[in-house]
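Asks: predicted model and sequence follow; I will ask about them next.
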Amino acid sequence: MAKVSVGKVSEIPVGTLKAAHVEGKDEIVLANVGGTIYAMRGVCNHEGGPLPEGTLEETVITCPWHGAKWDVATGKCAEFPIDLDPEPTYPVTVEGDEIYIEI
Ligand code: FES
């Protein structure tokens, strides 16, 4: 695991999502939930929907393609008609305005 800078808190208003990229890895979604930043793999494992383009309500991201709900705090699918495997989540640290994840 490496600690990688993925963006700035000031770029992610509370209640919003942002895409982050780490070389050689799938896209990551960052979520600002009440001032706490979470990081999860950002490619919905149903059919590949872009989770950074979804919507965020509390810790739940809704996939923009078919509406799967993902809990960004746990990586688990919170609601969908079929079982979906959990998405990986990544530990986040914030130093000043800088966001780092362990990946
Ligand atoms: S691709 Fe996300 S719900 Fe289908």
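Replies: Now that the structure is in, tell me what you want to look at.

Asks: got the residues of this protein near the ligand?
Replies: By the rule CB under 6 Å from any ligand atom, the part of the chain lying against the ligand is 44, 46-49, 63, 65-68. (Glycine included, C-beta is placed from N, CA and C.)

Asks: can I get these in TSV with neighbour count?
Replies: As requested, those are arranged in TSV below (neighbours: other CB atoms under 10 Å):
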residue	neighbour count
C44	25
H46	17
E47	10
G48	11
G49	18
C63	24
W65	15
H66	12
G67	15
A68	24
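
Asks: out of those, which sit inside strands?
Replies: For those, not one is inside strands, with DSSP state E as the criterion.

Asks: quick check, nearest of these to E23?
Replies: Within these, proximity to E23 (CB to CB) peaks at G48, which comes in at 19.8 Å.

Asks: now for that closest one: which residues touch it?
Replies: W65 (CB atoms under 8 Å, 6 or more residues apart in numbering).

Asks: one more: A19?
Replies: 27-30, 42, 50, 52.

Asks: beta-bridge partners for K8, please?
Replies: E98 (DSSP bridges).

Asks: pLDDT score for it?
Replies: Looking at K8, its pLDDT is 98.

Asks: this completes my enquiry, with thanks.
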